[in-house]
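**Student:** Pasting the sequence and the predicted model now:
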Amino acid sequence: MTKRDPFKYFKTSREIIRLAVMLYVRFPLSLRNVEDLLHERGIDVSHEAVRYWWHRFGPLFAAEIKKHRVAGMKSSRWRWHLDEMFVKINGERHYLWRAVDHEGEILESFVTKTRDKKAALKFLKKAMRKHGRPDVIVTDRLRSYGAALKEIGNAEKQETGRWLNNRAENSHLPFRRRERAMLRFRRLRSLQKFAAVHASVYNLFNSERSLYSRSNFKLNRAAALTEWRGLCMA
């Protein structure tokens with residue numbers, strides 16, 4: 001069966017659409033910043049076109065990236081770091097739950113209005129359904145984690161400590177920069193959608209350059225760009 005081409009009815013080339021989506025999701029840029037950057041390259045598109053493209057193609061790109069990466073992520077079951085960060089939507093506080101493995105790979109993002117046992121349980125079940133059960137789960141001292149892990153039978157795998165969860169805390173920083181550039185969010189659904197797309201794009205391009213030599217970093221960066229340019233090929 002021939003795979004449907006998602007770019008079929010678009011006049012703009014797929015290369016430009018991929019570039020616009022990558023610039024907007026990967027870097028802390030506004031829609032108008034992306035419009036200006038594309039204009040300097042001789043590409044005349046409006047910021048509304050960029051908005052439409054990211055809404056239309058962002059989830060498709062993210063799903064394809066995730067499909068390729070999950071198949072080769074057996075080591076991600078070793079150690080998970082869980083943490084929640086507050087995000088305001090129209091002045092109301094919501095919580096973005098995030099699961100990160102020991103290498104900094106963002107496994108799952110989930111938005112709720114509360115951070116009680118019910119929300120923690122829903123988040124954990126969603127993450128484990130996709131990635132399996134880890135050997136160790138590192139959390140902060142929020143009681144909701146302990147109650148949820150006890151209910152699903154993983155209480156003995158929980159670890160808490162003052163600096164043990166720095167991996168999850170540091171993983172919030174790129175998303176915080178994007179949040180400021182977007183002037184925050186207006187709907188819960190938009191936050192959930194962008195968090196999922198941003199996580200997949202971040203995973204693809206995150207090379208942790210401080211751990212590699214310059215030559216290896218350049219190879220990894222080139223490989224990530226090659227994979228991005230091959231997304232959603234007909």
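**Tutor:** The structure has been received and is ready for your questions.

**Student:** drop to CA atoms for contacts and neighbour counts, all remaining ones
**Tutor:** Will do.

**Student:** What ranges does this structure have for its strands?
**Tutor:** Assigned by DSSP state E, the chain shows strands spanning 79-89, 92-101, 106-112, 136-139, 158-160.

**Student:** Can you work out which other helices and strands pack against the third one?
**Tutor:** The elements that strand 106-112 packs onto, with contact taken as 3 or more CA pairs under 8 Å, 6 or more residues apart in numbering; DSSP states H and E, are strand 92-101, helix 117-131, helix 188-205.

**Student:** Which positions in the first one come out as buried?
**Tutor:** The neighbour-count criterion (16 or more other CA atoms under 10 Å) identifies 94-101 as the buried residues of strand 92-101.

**Student:** tell me the mean pLDDT for that strand?
**Tutor:** Mean pLDDT, taken over the full extent of strand 92-101, equals 94.

**Student:** could you check the angle strand 106-112 makes with the top helix by length along the chain?
**Tutor:** When secondary structure is assigned using DSSP state H, the longest helix within the chain turns out to be helix 47-70. Computed by axes from the mean of the first three to the mean of the last three CA atoms, to 10 degrees, the angle separating helix 47-70 from strand 106-112 equals 130 degrees.

**Student:** chain center to helix 47-70: distance?
**Tutor:** Helix 47-70 sits 11 Å away from the centroid of its parent chain (CA atoms, centre = their mean, to the nearest Å).

**Student:** for stretch 45-56, same thing?
**Tutor:** Averaged over its C-alpha atoms, stretch 45-56 has a centre that lies 19 Å from its chain's centre (CA atoms, centre = their mean).

**Student:** Need the CA coordinates for that stretch. CSV is fine.
**Tutor:** The C-alpha trace of stretch 45-56 is given here as CSV (Å, rounded to 0.1, in the frame of the first residue of the first chain):
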residue,chain,number,x,y,z
VAL,A,45,6.1,33.3,4.0
SER,A,46,3.9,34.8,6.7
HIS,A,47,4.1,33.9,10.4
GLU,A,48,0.5,32.6,10.1
ALA,A,49,1.8,30.0,7.6
VAL,A,50,4.5,29.0,10.0
ARG,A,51,1.8,28.6,12.7
TYR,A,52,-0.3,26.4,10.4
TRP,A,53,2.7,24.3,9.4
TRP,A,54,3.7,23.5,12.9
HIS,A,55,0.2,22.6,14.0
ARG,A,56,-0.2,20.4,10.9
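
**Student:** Pull out the buried residues from that stretch.
**Tutor:** 45, 47, 50-51, 54-55.

**Student:** Kindly report the same for stretch 225-234.
**Tutor:** Of the residues in stretch 225-234, those buried by neighbour count under the rule 16+ other CA under 10 Å are 228, 231-232.

**Student:** Make CSV from the residues you listed and add pLDDT and distance to residue 178 to it.
**Tutor:** Formatted as CSV, the entries for these read as follows, by pLDDT from 0 to 100; distance: CA to CA, whole Å:
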residue, pLDDT, distance to residue 178
228, 94, 20
231, 90, 23
232, 82, 25
